[in-house]
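# could you work out the structure for the sequence below:
(2 chains)
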Amino acid sequence: MVACSPSRRIVIAAGLRLPQARAGGAFAKEDAGHLGARAARELLARTAIPGDQLDEVIVGCVGPPHDQANVARVIALRAGVPRGVPAYTVGRNCASGMQAVTSAVTRIEAGIGDLYLCVGVEVMSGYPLIFNQAATDFFARLAGARTSMAKLAAMASFRPKMLSPRIALMEGLTDPTNGLIMGKTAENLARDFGIGREEADRYAVRSHKRAAAARDSGRMAREIVPHLGLGSRPGKLALTADDGTRDDQSLEALGRLRPYFEKPDGVVTVGNACGITDGATALVITTEERAQELGLEPLAVIRGFAWSGCDPSRMGLGPVHATSQLLERTGVSVGDLGAVEINEAFAVQVLACEKAFASREFAAKHLGRSEALGELDPRLLNPNGGAIAIGHPVGATGARLLLTSAHELHVRHCELTLATLCIGGGQGGAVLLERPSA
Amino acid sequence: MPSHTIAIDIDNLPCPAGAPEPGSCVRVEREEDGALVRLRLDPPHRANPVFDAPLLRDLARALGDVERDPAVRGLIVCGREPLVFCYGADIDSISELESVEEATRIGRAGQEIFQRLHRLSRSGGGRVTTVAAVGGPVPGGACEVSLACDYIVLADDPRSRIGLPEVMLGILPGWGGCQRLPRRLGVPKALGAILTGKLYGARQAKKLGLVDRLAHPVYLDRIAADVATGRERLRRPERGYWTWLIDRNPAALAVIKSQARKGVMEQTKGHYPAPLRALEIAADAVRSPLQEGLQREAAALGQLALSPQSRALVRIFRTGEAVKRRAAGADGEKPARFTRAAVLGAGIMGGGIASLLAEKRIPTRLKDLAQHQLDEAQSAHEQRIAKKRKRRSLEAYQADAAIDRLELTREDLGFASCDFLIEAIAERLDVKRAVLGQFAEFVGPDTVIATNTSSLSVDAIADGLPHPERVIGMHFFNPVAKMPLVEVIRGAATSDAVVRRVVQLAIDLGKTPVVCADAPGFVVNRLLAPYLDEAMRLFESGSAPAELDRLALGFGLPMGPFTLLDEVGLDIGAHTVASLEAAFGERMAPSKVLEPLVAAGHLGKKSGRGIFLYGKGEDGDELNPALRRPASAPAVSSLSSEDRVDRMVLPMVNEAARILAEGVVESAAELDLATVYGMGFAPFRGGVLAYADARGLANVVERLRELAASPEVSKREGGRARFEPCEPLVELAALGGTFYGS
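Numbers count the residues shown, from 1 in each chain, chains lettered A, B, ... in the order given. Here you go, the predicted model:
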């Protein structure tokens, strides 16, 4: 486990994001390079930061396109960042976008540079289908055949099952060390914490209602820049808000869905889980002094962050582990937090976290604490909804949570906010933000 | 020297002033113990080498050296740098030719020199392996000298362009090109190259067989030496029996010729003689002896070079080159390029300008208040770039970058680092002033502020802005990506440096800039207005729109007046004319015949109906029934075709004479350039003023007076004012002068 509470005042100096679009929809023809560059270019334009002053560009992305190795470099160059500025890509599964930020914080803390452009991006629409092993072998045989007879023989070895592809998305969402797809880890939590279908669906409805309200009140627009997906047909309009939010989401509608991962008795349905989504968020991470020099009014001070591991088959509890570390390190208690973002991978997973936060037993058994971590006020937990309503573009979400949390400091006029998420493979990440002194 | 050499007096060719010492234009470099000779074309008096008299003379002299030296086994003709070879024949001297004989003599002189190279070559029966090692632009004469060698090695670089573009100047490849290209490529491919005047990129040229090998520019010298010494053997694909089947087969040739002729006629409508002559000569090249072909070629060159069409095309070309030199300052230094642009207004014009800027490597921020306008602009940009990608004129990564460079926003943020700003918002003075006043504060202190206005005064817009010296007009035409002209409007306060930067920008965008003064309508719109309106008047008095369109096409305009109006939009046309009428009074007074259409929202192609109907199954052939003649008008016009063409064209001449006299543009040549590039005025006529000159100004004045007095014109309001020849025109005609004369 690692936790860090920087000795310098490191800030999120500026940030913005594109609307998040359901995969295969508005951004279906996007690629991570273009979508990330669009967010990065717009942020550089708005902040008027001269590109050559950047120390580095760090991008979090889980599944970069196969033709964009080190997608960070692709994004930097396509965003118009001068060639002399280096760029690298980080991966920590669902927390990649947050990792980009904590990597920058770590570097600044270590005295390596003080101005970073961090991007979280994911185009899940672009995840490929992969030829299965039988098909791969078939092509190898075909390529290796020299004579026409051999070619004919190779061709004759074709079988229809070779056409059945491996789906990168499904395999990517499965933990290879225990064979569990993420939804099944959530089912484990539902059993552990006794969370029923109705409770989960009720939470999902709340997420949609809150997201819709945040959109209608203009809260979402504070962080979103409209974006027209690449290759949109003429006449198509730009997306100005996340398109996964359902204003009319209801318990009845959700109740009609069948469990997706454990039929027939499971709790997790596609309605109370996050959607497969495309999105990008860009943030400028720097020191308070440097932000002032650049004429930027910081959104938030990064008080600290923590990364911790946990049981991979209960990866959804990662936020509890990481938050415990972070609060201990920074000397802050749950009651001090003005708002908390826990990424909504699954409704049951957030509910499980909520229960674990409040449980003395859990604290004693897993966190080495004698008292419960602290009860979360449901009104302050994901006050603008979360991934169930606005989607979870995996590599982007970590950065998106930070942007949302940073804005929440100003919306709620509170001193501290927390952004935390669970990570496939059994990890949790958490970042504590503080409102900059005016 | 072989006996069949024709004595050519090279010293009598037109020689530029300040020509260098004989022998200094071609460097003779001996390598490999004298077995290999490199002839490097490096005329000290030319930044861009061309085949002028001194260079031809020195090339002949250098060839003489090689002819006399039996040790030479390999010969390379190359340029001073891998990507600088030679820009073809000296076009300035072509325009100074005074007689057919002189032009023919120039043709023969070049042919003879290149023939000497050919006779040295193995393919010409000589003892030397000759190689042209070329790169960068290799047009016309430069390509022809290469064709005379055994092999052509071309620098593999995007800047390499090789071909025979002579027909674009109304002449034909007269230094053996019409003979050697068909022999090299076969007749069909050679005709494709010669008749279109296309310049081929490196890969295309190799694929076509125009060049034998590509080499990286850095290796060009070395590889040419390998080829010339025989260390590397190149094999040219033999055409074999195809030669007999096609190139030497009269029946096949007859078919090819008639097809090609049909293509040419379709393209040129018979206005251009050069491609037809080139077609005859190149198609028969393989069947007849080289010497005979060369003679025919030179004779044709002589006639074509003196033809009015060629004169006009050459003048347009030279003026186009001259205005581009305007970008450079007194010290020859090119102005600083813009690094980031802002475009205000994402309508058709603003979106088009932003799209072009982004494509041409300038990061561009496009602002509009309406998101859907931005969305449309982005879609249009992406589609245009995708089309270019499909045509392979852009690589995938270039297309991506072109799309990335266009930023779209509704906010006022992010403009601070823009050093160029252009507005294309509503044509209202108060709006433009307010918006530019606001944005002048967002952008940097050196930012050039341009307006794309077509009907407002640049000075009026600049008035009240903090730095009027940085304010300028940059008038693009619709569609921005296609129209080659940009009117650069210098306001009273606009600084020279700003004019130069904007001229350079126009050039970088692939446009031809014409600098105009801030006068209403500038040049093109001011000329178009009376022409288009006169077409409406003719319609009122009984002519059919389709018929008038046909007459205009026959005259050499690319589009008839009615079709043009539908393209532009009837509302836009009406707006422009209204502002011109306000400025110039009754001679610009428009016909009322279109008013009902505009009122009904029939605005042209964009609304599916204008003068003609568009849409499903209709491509503008059918007249809009809402367009009606006044009840009193005759149903059939009594005017002759000639009269009707004059009615449409001569008001333009009259107005152009005023524009020139007022000093709106600097010269008749530039005004004509604007008419050719801005409205497509028959290039073979050389523009409005050149047309008037060719017709004779006395005749023009007389015709204008006749038309002014004709009942149809004299009775209507403003008719006389439009046709009564203006004073400068009358004076010039009385003196027996011409617009180009003095």
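# where does chain A have low pLDDT?
Applying pLDDT under 70 to chain A flags the ranges A:438.
# can you tell me the helix or strand for the residue of it found nearest chain B?
The nearest approach of chain A to chain B comes at A:Ala45, 3.3 Å away (CB to the nearest CB). Bear in mind the C-beta positions are built from the backbone N, C-alpha and C, glycine included. Assigned by DSSP states H and E, A:Ala45 belongs to helix A:32-47.
# give me the contact list for the following helix or strand past that helix.
Under the assignment DSSP H and E, the closest C-terminal helix or strand after helix A:32-47 is strand A:56-60. The contact list for strand A:56-60 (CB atoms under 8 Å, 6 or more residues apart in numbering or on different chains) reads A:36, A:40, A:71-73, A:75-76, A:81, A:85-92, A:95-101, A:103-104, A:107, A:113, A:116-121, A:395-396, A:398-399.
# what about burial for these, which qualify?
The neighbour-count test (16 or more other CB atoms under 10 Å in any protein chain shown) marks A:36, A:40, A:71-73, A:75-76, A:81, A:85, A:87, A:89-90, A:92, A:95-101, A:103-104, A:107, A:116-121, A:395-396, A:398-399 as buried among these.
# return the subset of those residues lying in helices.
Under the assignment DSSP state H, these contribute A:36, A:40, A:71-73, A:75-76, A:96-101, A:103-104, A:107, A:395-396, A:398-399 to helices.
# out of those residues, which touch chain B?
When CB under 8 Å from any CB of the partner chain is applied, no member of these is adjacent to chain B.
# for the stretch 351-500 of chain B, what spans make up the strands?
Ranges of strands in the stretch 351-500 of chain B, per DSSP state E, counting those that start in this stretch, are B:364-367, B:406-409, B:420-423, B:448-451, B:471-476, B:485-490.
# not counting sequence-adjacent ones, nearest residue to the residue of chain A closest to chain B?
Among residues not flanking A:Ala45 along the chain, B:Gly414 sits closest, at 3.3 Å (CB to CB, 6 or more residues apart in numbering or on different chains).
# count of residues packed around A:Leu327?
23 (other CB atoms under 10 Å in any protein chain shown).
# which helix or strand contains it?
helix A:318-330.
# for that helix, the distance to its chain's centre please.
Relative to the centre of its chain, helix A:318-330 is centred 18 Å away, using CA atoms, centre = their mean, to the nearest Å.
# what residues does the stretch 301-450 of chain B put near chain A?
So the stretch 301-450 of chain B meets chain A at B:363, B:365, B:371-372, B:374-376, B:378-380, B:382-383, B:400-401, B:403-405, B:407-411, B:413-414, B:416-417 (CB under 8 Å from any CB).
# A:Leu129 against A:Pro165, yeah?
Yes. Contact criterion CB atoms under 8 Å: A:Leu129 and A:Pro165 qualify, at 3.8 Å.
# related to what we said a few turns ago, may I see the strands of the stretch 351-500 of chain B arranged in TSV, with mean neighbour count, distance to B:Ala721 and mean pLDDT as well?
As requested, these are arranged in TSV below (neighbours: other CB atoms under 10 Å in any protein chain shown; distance: least, CB to CB, whole Å; pLDDT from 0 to 100):
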stretch	mean neighbour count	distance to B:Ala721	mean pLDDT
strand B:364-367	27	42	98
strand B:406-409	24	46	97
strand B:420-423	26	34	98
strand B:448-451	26	30	97
strand B:471-476	26	26	97
strand B:485-490	25	25	97
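# nearest spatial neighbour of B:Glu280, skipping sequence neighbours?
B:Lys257 (7.7 Å).
# part of a helix, is the one you found?
Yes. Per DSSP: H, G, I helix; E, B strand; the rest coil, B:Lys257 lies within a helix segment.
# how many other residues sit next to B:Pro44?
With other CB under 10 Å as criterion, B:Pro44 counts 12.
# could you find the closest non-adjacent residue to it?
Per CB to CB, 6+ apart, closest to B:Pro44 is B:Pro20, 5.1 Å.
# tell me how far the one you found lies from B:Glu547.
Distance of B:Pro20 to B:Glu547, given as CB to CB, to the nearest Å: 59 Å.
# quick one on the thing from earlier: which among the strands of the stretch 351-500 of chain B is found nearest to B:Leu199?
strand B:485-490 (21.5 Å; CB to CB).
# kindly export that closest one (C-alpha atoms) in PDB.
C-alpha atoms of strand B:485-490 as PDB (Å, rounded to 0.1, in the frame of the first residue of the first chain):
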ATOM      1  CA  LEU B 485      -9.000  34.100 -55.900                       C
ATOM      2  CA  VAL B 486      -8.700  36.100 -52.700                       C
ATOM      3  CA  GLU B 487      -9.200  39.900 -52.800                       C
ATOM      4  CA  VAL B 488      -6.900  41.400 -50.200                       C
ATOM      5  CA  ILE B 489      -8.400  44.800 -49.300                       C
ATOM      6  CA  ARG B 490      -6.000  47.400 -48.100                       C
END
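# parallel or antiparallel, which strands does that strand pair with?
Its sheet considered, strand B:485-490 pairs with strand B:471-476 (antiparallel), strand B:512-517 (parallel) by DSSP bridges.
# if we look at the first one, which residues are touching it?
Strand B:471-476 is contacted from outside by B:349, B:352-353, B:422, B:436, B:448-454, B:458, B:461-462, B:465, B:483, B:486-491, B:493-494, B:498-499, B:502, B:505-506, B:511, B:516, B:518, B:522, using CB under 8 Å, 6+ apart.
# now do the strands in the stretch 551-700 of chain B.
Using DSSP E, counting those that start in this stretch, strands in the stretch 551-700 of chain B cover B:612-615, B:618-623.
# B:Met679 contacts B:Val524, doesn't it?
Yes. Between B:Met679 and B:Val524 there is a contact under CB under 8 Å: 5.7 Å.
# specify the beta-bridge partners of B:Val138.
Applying DSSP bridges, one finds that B:Val138 bridges with B:Ile162.
# residues of whatever helix or strand B:Glu101 lives in that come out buried?
With elements taken from DSSP H and E, the one containing B:Glu101 is helix B:100-120. For helix B:100-120, a neighbour-count test (16+ other CB under 10 Å) marks B:100, B:102-120 as buried.
# count of neighbours near whichever residue of the stretch 351-500 of chain B sits closest to chain A?
As assessed by CB to the nearest CB, chain A sits closest to B:Gly414 within the stretch 351-500 of chain B, at 3.3 Å. Residues within reach of B:Gly414, counting by other CB under 10 Å, total 22.
# contacting residues for it?
Per CB under 8 Å, 6+ apart, neighbours of B:Gly414: A:Glu42, A:Ala45, A:Arg46, A:Ala48, B:Arg365, B:Glu407.
# would you list those in a markdown table and tack on distance to B:Glu238?
Formatted as a markdown table, these follow (distance: CB to CB, whole Å):
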| residue | distance to B:Glu238 |
| --- | --- |
| A:Glu42 | 59 |
| A:Ala45 | 59 |
| A:Arg46 | 64 |
| A:Ala48 | 64 |
| B:Arg365 | 57 |
| B:Glu407 | 55 |
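# among those residues, which pair sits farthest apart?
A:Ala48 and B:Glu407 (13.0 Å).
# of the contacts of strand B:471-476, buried ones?
B:349, B:352-353, B:422, B:436, B:448-454, B:458, B:461-462, B:465, B:483, B:486-491, B:493-494, B:498-499, B:502, B:505-506, B:511, B:516, B:518, B:522.
# A:Met149 is nearest to which of the strands paired with strand B:485-490?
Of all the strands paired with strand B:485-490, strand B:512-517 comes closest under CB to CB, at 63.5 Å.
# for that closest one, what is the average pLDDT?
Average pLDDT, strand B:512-517: 96.
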